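Novice: Quick one, structure for this:
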Amino acid sequence: MVTAIETGLNDRIELVETSFMVPDDGFVRDNPLGKVPALILDDGSVLANSPVICAYLDSLHQGDKLIPSDETARWQALHLEGLADGLCESSIAVMRENARPGDRQWNEFRDRQWSKVERTLGWLDDHAKILDGPVTIGQVALGCALAWTILRLGDRLGDWPTRWPQVASWDKEFEQRPAMQATVPY
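Specialist: Numbering: from 1, shown residues only. Predicted coordinates:
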């Protein structure tokens, strides 16, 4: 939805509540992995997975593209998107492991996933120039990944702005964008 708002296409999207947990739900029939989000196009075909949906939405609007056409900028944006997606996937894995009964938790797995989060934030802090410039799909992905991780695992992050001040400074500004304000996770 952040991409939809950033590209001015949010008024063309109808949000449909569904359950990926119900195997006979039409959503799962058309989207066999049950991935959310998924976008059902006017012709009935389905696009699943945020990067695919975002690239599609970016191709539809006439404004500045979130996936830049300049080769260097494009690969940098897509690299940042990949890092952000990996950060979010690792955060989700930690949250899921935390939700398991204590005697069934796999601490080594959870710690390995959390180390990916910390390494990624450290790398981003050391390479903060990647966050500069016009808004890209990488920045959108990172803003969303940070918002989710802070909401769900903020206690584990602790005083993260002190550990990763460059990322925290960027995030503080980025989270003020109207698209981020309109989509604050809960």
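
Novice: Identify the residues contacting the closest residue to Leu60 other than its chain neighbours.
Specialist: Residue nearest to Leu60 in three dimensions, not counting chain neighbours: Leu9, with 6.1 Å by C-beta to C-beta, 6 or more residues apart in numbering. Using the backbone N, CA and C atoms, a C-beta is placed for each residue, glycine as well. Neighbour list for Leu9: 57, 60-61 [criterion: C-beta atoms under 8 Å, 6 or more residues apart in numbering].

Novice: In this structure, what helix or strand scores lowest on average pLDDT?
Specialist: Ranked by mean pLDDT, DSSP states H and E, the weakest helix or strand in the chain is helix 26-30, scoring a mean of 74.

Novice: ok, and what's touching it?
Specialist: Residues from elsewhere that reach helix 26-30, judged by C-beta under 8 Å, 6+ apart: 16, 18-20, 22, 34, 38, 40, 44, 46.

Novice: Same question for stretch 94-113.
Specialist: Under C-beta under 8 Å, 6+ apart, the answer for stretch 94-113 is 90-91, 93, 114, 117, 152-153, 156.
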